[in-house]
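Participant: Just need the structure, nothing else, for what follows:
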Amino acid sequence: MKLKASKSSYVLRIIAGSYLGYLSYSMFTDWESLKEANQEFMIIFPVIFAVAGVALVVLSLVGLFRMRNEVEEIDADESIDHNPDEEDDKE
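Facilitator: Below you'll find the model as predicted:
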């Protein structure tokens, strides 16, 4: 159960990072239509959102790949431990 909860948290982080990227893009495209007073913020925040979004997506993907590798190692260890051919040889 913990593995499934952990996997879903990585997926939610990827979605959140993608949304931050979308917000960043939207802020850049609307930059010219704003007043000059707001343009300073529209330069700073899209960059922050883009960096945070990319970081969330990359770190979450790395975490998912690590989790997948750990699961594959555990499955491989269990299949070696429960090899039915070895039990036949002992009898």
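
Participant: In space, not sequence, find me the middle residue of this structure.
Facilitator: residue 60 (2.3 Å; Cα atoms, centre = their mean).

Participant: average pLDDT for the strand or helix carrying that residue?
Facilitator: Assigned by DSSP states H and E, residue 60 belongs to helix 36-81. Averaging pLDDT along helix 36-81 gives 84.

Participant: re earlier: quick check: the residue nearest to the centre of the chain vs residue 79, distance?
Facilitator: Using Cβ to Cβ, to the nearest Å, residue 60 is found at 29 Å from residue 79. C-betas here are computed from N, CA, C, even on glycine.

Participant: And residue 71, by the same measure?
Facilitator: For residue 71 relative to residue 79 (Cβ to Cβ), the value is 13 Å.

Participant: Counting neighbours, go ahead and name the busier of those two.
Facilitator: A direct count of neighbours by other Cβ atoms under 10 Å for residue 71 and residue 79 places residue 71 higher, at 12 against 9.

Participant: Leaving out the residues flanking it, which one is nearest to residue 53?
Facilitator: With Cβ to Cβ, 6 or more residues apart in numbering as the criterion, residue 53 has its nearest non-adjacent residue at 3.2 Å, and that residue is residue 20.

Participant: make that residue 52, sorry
Facilitator: residue 20 (5.4 Å).

Participant: Let me know the helix or strand that the one you found is in.
Facilitator: helix 2-29.

Participant: now for that helix, which elements pack on it?
Facilitator: Secondary-structure packing of helix 2-29 (3 or more Cβ pairs under 8 Å, 6 or more residues apart in numbering; DSSP states H and E): helix 36-81.

Participant: follow-up on the earlier one: can you give me the neighbour number for the residue nearest to residue 52?
Facilitator: Each residue near residue 20 was counted by other Cβ under 10 Å, and the total is 21.

Participant: isn't it right next to residue 50, touching?
Facilitator: Yes: if you go by Cβ atoms under 8 Å, residue 20 and residue 50 touch, sitting 7.3 Å apart.
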